[in-house]
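# 3D, please:
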Amino acid sequence: MATPNYTIGIIQYIPFFYVIWSDDLLSASEVSVVKKTIEEDSALNPKEREQLLLWLNKEQPPSDAAFKQWKQTINSSEIKLVESDTYPLASLSQRLGNLHCEQCDFNEHLKHIEINLGIQPNHYNHLFDVAVVHEKTSNHYDSRNLDALLKGPHALEVDAFRSFLNQPLFNWNITRNKDEFRNKVLKQVSVLGEKGYGTMAYPEAYGGTGNMPSYAAIFEHLMFVDGSLAVKFGVQFGLFGGSIQKLGTKKHHDQYLGDAGKAKLLGCFAMTETGHGSNVRGIKTTATYDKKTDSIIIHTPGKNDNKEYIGNVLHSKIASVFAQLIVDGKNEGVHAILVPLRDEKHNLFNGITVEDNGYKLGLNGVDNGKIWFDQVKVPRKNLLDKYGEIKDDGTYFSAIKNPNKRFFTMLGTLVGGRICVAKGALGGAKMALSIAVKHALNRRQFNDSVKIQEDLIMDYPTHQLRLTPAVVSAYVYHFTLEEMMNRYSDDSQPDKRKVETQVAGLKSIITWFANNTIQECREACGGKGYLLENRMADLKGDVDIFTTFEGDNNVLLQLAAKGILSDFKAEFNSAGFISVLKLLSTQLSDKISTLNPIYSNKIDSEHLYNPKFHKHAFNYRTRRLTYTLAMRIRNYIKKGVPSYQAFLKVQTHLLALGKAYSIELAYQIFAEHCATITDKKYRTLLEKMGTLYALHQLHIDSRWYLEQGYFGGVKSKAIRQRVERLSTELRPHIEVLVDGFGIPEHCLTAPIAK
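As a prediction, this is how the structure comes out:
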C-alpha cells in the first residue's frame, strides 16, 4: 500500500489521531479538546485544518484504509517512543515530523491534547510497531535542585549529617528483641550527643548553635534511619533537654543543660498520666511545697494518676515531672520539677516505682514505661521556675498573674516538639513514598500483548492517583513545617499562642496524612511491602503513634478551632457592630458569587489551575465554618446551655473547622514560598505540585462544597478529572520528585527500592 504524501502539519497529528480513534470511544469532550487545539494551531494552513476536522467527525469516522495508512506512516518511520519524555506522544509526533522538516519547532498544541486527554504510554505503546525505550524517568529536572530547595538554609548541616549517618552503627536491620533494640538505640543516641547533634537547639554557652530549625531537619533525617532512634533522640534532647531550656532558668541551664545535650545525663519528660491523657491541666500528680524543709514533695495520689508511656524512662537518671504545684495550701497550677530517679549505679531512689510498658505496635527501640511517686522529696531549686517560682520566704510568685495565661504560655514553649513530631511523621511518609515509587518503576505487570514487555505499574493511572498526590503533599507539608519552625523560633515574637493554634492543626493533618500514605504505599507494594526487610511494616508501626502523642489529633483540632474562634471573637469585640456588618456583607457577597451557576460550574483550566480559585475556596470554607460555628455556640449559650456543654454539642463542627483551617494554612504557606523561588523552571514545577495538592484536597472535601452550592456537579467532576490529569503529567518526573526528598542511599535500604 502506498503511503500518502501527507503535509508536515498533518503528519504531526497522525499519532494522536491513531491513538484516539484506536478504541473508537472518542467522547464529545475529547472531540472538543482536539477540535479547539486544531482551531488554535496557527501553523496549520486552511486545507490541513479542514482535513483534520473532518477526521474528528464521529458521524463519519476515518475509513479503515485511512486508519491503516496512519499506522503505516508511523511504523515505517523507524522512530522511537521514549516513555520517559515529559510528553511522550507529542515528542513521538515531533520526531515523526522532523523526518520531513529538520528541527521543526515543538508543537505546543500537541502537548495540550496529551495533557487534557490524559494520554500516557501504556495506553498506546502496544498500538505502534516502533521501538519503545522503556526509561523509568525523565531527566528534565534534577533531583539535586529539588533537594537543595528542601534543605534551604540547613544545607551545610544536613549534608554533614547525612555523611555522618553513613557508618555501621546507623545501619538498619531487623531487630525484634526489645532489650537488644533499646541498647542499640541508646548507643546511637549517645554517639549523636557526643558529636554535638543533641545540643543544636541550645544556646552557644551550653554547646549549641541556637538553631532549632536545623535541629528539626536533623530530627526528620533520623526517621530515615529508624523511628525508635528519632523518638528517643527527640525525648532526650527535645523534650527533656528542651523543658530545662524553655522552662528553667540559668541555674538549671548551668547545672543540667550541657550534660543533657551530650547525653551524659539521660532524662525523660513525665507529663502524660494514665487517667488523663491529653488533659495536661487535669493531671493529678502533686508537687507540694514543704516550707519547713524547703523542699517539694512529689506524689502520685491514685492508682491511675501515674505517669504513663514515658519515653527513655528505663535508661533515665532524672525526669522533668509535670505536677500540680501546691504552695501554702493553694494550687498554683501545673509546673515542671526535676526529679532524680536513679543513683550512679542505676538503682531507683526510695519512693519511686518504674514499670516497663513492654512491647508496643512499633518503636520498640524506645524504653517506654510508667512512674509512680510516693512522697518523693526534692530541693526547691529543682522547680523549673521561668514562669512561676517559690521565693526564699516560701511564697509563690509569677510575673504572669492570670493562671490560664501562665499555663498556656508554659505549654506554648513546647510547641517545637509538636512541629518535630509532624516532621518525623512526614519523614516516614517520604521514606514510604520513595520505596513505593521506586518499586513501581521496576515492577511490571499486565498488558494485552504477549509480544511486548509488560507495563510498569507506575504507568497505570490508578497507581499514579494513589501515589502522586501524596508525593506533592509531602512537598507542601515540608515547606509548611519549615515556615512554622521559623515562626516558633522567632524570639522577636514571644507570644506563641497563634503559632500554637496553627501547629496544633498542622500536626493533626500531617500525622494523619503520613499514616494514610504509609498504608497506601504498603498496599501499592503488594506482598513485597508486607515483608519486614522492605521497611513498610516498621514505618506503619512507628508512625502510627504520632497521631496521638504530643496531643491526640482530635483534641488538637479542637484546640486549633477554639484558637480560631478566639480570633473571631476578638475581631468582633475590637470593632463592634461595624465588624459584624462587615462580616455579614462578606458572607453575602460570597454567597452571591459562589452560588452563581456560572461560577459554581466554571471548569476551564485557567480557572481550575488558578491559585486565586484555590485560596478563595479554602478561605471560604474556613470563614463559613467559623461563622456558622460561632453562631451555633452563641445560640446554645443564649438558651442557657453551659459553655462546656455547648462545645460538646458542636465537637464535629470544631474538628471540621480545625482541619479546614490547617489545609488552607498549608496551601497558603506553600504558595508564598513558591513565589520566592528564583529559578523559573523549578518554580513552575512546584506551582504545578501546589495545584495538584489544592485540587486533590478540594476533591476530597467535594461533598461539603457541593452541599454549600460552591461547586456544581459539573465542576466537582472536572476537579476530579484534573487531579487525574495532573498526576499523569507528573508521571515522567515521579522518581526525580522522590529523589528530591534527599533520602541518603545508605538509608534507603529496602531491597524493592533498588
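
# C-alpha only now, for contacts and for neighbours.
Noted.

# what sits up against stretch 336-350?
247, 316-323, 352, 376, 378, 382-384 (C-alpha atoms under 8 Å, 6 or more residues apart in numbering).

# which parts of it are buried?
Judged by neighbour count using 16 or more other C-alpha atoms under 10 Å, the buried positions of stretch 336-350 are Ala336, Ile337, Leu338, Val339, Pro340, Leu341, Arg342.

# try stretch 281-289
Neighbour-count burial for stretch 281-289 flags Arg281, Ile283, Lys284, Thr285, Thr286, Ala287, Thr288, Tyr289 (criterion: 16+ other C-alpha under 10 Å).

# burial measure for Phe513, as a count.
The number of residues packed near Phe513 is 21, by other C-alpha atoms under 10 Å.

# same deal with Ala263?
25.

# quick revisit: of the contacts of stretch 336-350, closest to Asp226?
Asp226 lies nearest to Ser316 out of the contacts of stretch 336-350, by C-alpha to C-alpha, at 20.7 Å.

# give me the low-pLDDT residue ranges for the stretch 401-550 of the chain?
444-454, 494 (pLDDT under 70).

# helices of that one, start to end?
403-412, 415-440, 461-489, 497-524, 536-544 (DSSP state H, counting those that start in this stretch).

# any low-confidence regions in the protein?
In the chain, residues with pLDDT under 70: 1-4, 23-26, 102-104, 106, 120-123, 125-126, 131-135, 444-454, 494, 568-595.

# would a markdown table of the buried residues of stretch 336-350 with secondary structure and distance to Ala617 be doable?
Listed next are the buried residues of stretch 336-350 as a markdown table, based on DSSP: H, G, I helix; E, B strand; the rest coil; distance: C-alpha to C-alpha, whole Å:
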| residue | secondary structure | distance to Ala617 |
| --- | --- | --- |
| Ala336 | strand | 43 |
| Ile337 | strand | 47 |
| Leu338 | strand | 48 |
| Val339 | strand | 51 |
| Pro340 | strand | 53 |
| Leu341 | coil | 53 |
| Arg342 | strand | 56 |
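
# now for the contacts of stretch 336-350, which pair is the farthest apart?
Most distant of the contacts of stretch 336-350, by C-alpha to C-alpha, are Leu247 and Ile352, 23.6 Å apart.

# those two - which one has more neighbours?
When Leu247 and Ile352 are compared on other C-alpha under 10 Å, the one with more neighbours turns out to be Leu247, at 23 against 19.

# which residues touch the more buried one?
So Leu247 contacts Ala336, Leu384, Asp385, Lys386, Tyr387, Met410, Thr413 (C-alpha under 8 Å, 6+ apart).

# coming back round to it: quick one: which of the buried residues of stretch 281-289 sit in strands?
Residues of the buried residues of stretch 281-289 located in strands (DSSP state E): Thr286, Ala287, Thr288, Tyr289.

# same list (those) but as JSON lines, adding distance to Trp70.
What follows is these, written out as JSON lines (distance: C-alpha to C-alpha, whole Å):
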{"residue": "Thr286", "distance to Trp70": "84"}
{"residue": "Ala287", "distance to Trp70": "86"}
{"residue": "Thr288", "distance to Trp70": "89"}
{"residue": "Tyr289", "distance to Trp70": "91"}
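
# closest to Glu157 out of those?
Each of these was scored against Glu157 by C-alpha to C-alpha, and Ala287 proved nearest at 40.8 Å.

# ok, what's across the strand from that closest one?
Ile298, Leu325 (DSSP bridges).

# I figured it hits Thr300, correct?
No. Assessed by C-alpha atoms under 8 Å, Ala287 is found out of contact with Thr300, at 9.3 Å.

# quick one: the strands in the stretch 101-250 of the chain?
131-133 (DSSP state E, counting those that start in this stretch).

# would you quantify the distance from His478 to Ala425?
11 Å (C-alpha to C-alpha, to the nearest Å).

# ok, so of the contacts of stretch 336-350, who is nearest Leu456?
For those, the nearest to Leu456 is Ser316 (50.2 Å; C-alpha to C-alpha).

# is the closest one part of a helix or strand, or is it coil?
coil (DSSP: H, G, I helix; E, B strand; the rest coil).

# again, but for Ala323
strand.

# that one: what's it in contact with?
Met271, Ile283, Lys284, Thr285, Thr286, Ala287, Ile298, Gly333, Val334, His335, Ala336, Ile337.

# what is the nearest of these to Ile509?
Met271 (23.4 Å).

# and the closest residue to that closest one other than its chain neighbours, how far is that from Cys268?
Nearest non-adjacent residue to Met271, counting by C-alpha to C-alpha, 6 or more residues apart in numbering: Phe322, 5.0 Å away. Phe322 is 11 Å from Cys268, where distance means C-alpha to C-alpha.

# what residues are up against Leu229?
With C-alpha under 8 Å, 6+ apart, Leu229 has these contacts: Val185, Gln188, Val189, Leu222, Met223, Gly365, Val366.

# for the nearest residue to the third one once chain neighbours are set aside, give its distance to Gly207.
The spatially closest residue to Val189, leaving aside those adjacent along the chain, is Phe233, at 5.9 Å (C-alpha to C-alpha, 6+ apart). In this view, Phe233 and Gly207 are 17 Å apart by C-alpha to C-alpha.

# repeat that for Leu433.
In terms of C-alpha to C-alpha, Leu433 sits 36 Å off from Gly207.

# neighbour count: these two, which is higher?
Applying other C-alpha under 10 Å to Leu433 and Gly207 shows that Leu433 carries more neighbours, namely 28 against 19.

# excluding residues flanking it in the chain, which one is nearest the more buried one?
Nearest residue to Leu433 in three dimensions, chain neighbours excluded: Cys521, at 6.3 Å (C-alpha to C-alpha, 6+ apart).

# isn't the one you found right next to Ala432, touching?
Yes. The criterion here is C-alpha under 8 Å, and Cys521 meets it with Ala432 at 6.1 Å.

# which residues are in contact with both of the two?
Contacts common to Cys521 and Ala432, judged by C-alpha under 8 Å, 6+ apart, are Met536.

# restrict whichever strand or helix holds Leu685 to CA atoms and write it as PDB.
Taking DSSP states H and E as the criterion, Leu685 maps to helix 680-700. Output in PDB follows, covering the C-alpha atoms of helix 680-700 (Å, rounded to 0.1, in the frame of the first residue of the first chain):
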ATOM      1  CA  LYS A 680      11.500  29.800  37.000                       C
ATOM      2  CA  LYS A 681      11.800  26.200  35.800                       C
ATOM      3  CA  TYR A 682      11.500  24.800  39.300                       C
ATOM      4  CA  ARG A 683       9.100  27.500  40.500                       C
ATOM      5  CA  THR A 684       6.700  26.300  37.700                       C
ATOM      6  CA  LEU A 685       7.200  22.700  38.800                       C
ATOM      7  CA  LEU A 686       6.400  23.500  42.400                       C
ATOM      8  CA  GLU A 687       3.400  25.600  41.400                       C
ATOM      9  CA  LYS A 688       2.000  22.600  39.400                       C
ATOM     10  CA  MET A 689       2.500  20.500  42.500                       C
ATOM     11  CA  GLY A 690       0.700  23.100  44.500                       C
ATOM     12  CA  THR A 691      -2.200  23.000  42.000                       C
ATOM     13  CA  LEU A 692      -2.400  19.200  42.400                       C
ATOM     14  CA  TYR A 693      -2.400  19.500  46.200                       C
ATOM     15  CA  ALA A 694      -5.200  22.100  46.100                       C
ATOM     16  CA  LEU A 695      -7.400  20.300  43.600                       C
ATOM     17  CA  HIS A 696      -6.800  16.900  45.400                       C
ATOM     18  CA  GLN A 697      -7.900  18.500  48.700                       C
ATOM     19  CA  LEU A 698     -11.000  20.100  47.100                       C
ATOM     20  CA  HIS A 699     -11.900  16.800  45.600                       C
ATOM     21  CA  ILE A 700     -11.600  15.000  49.000                       C
END
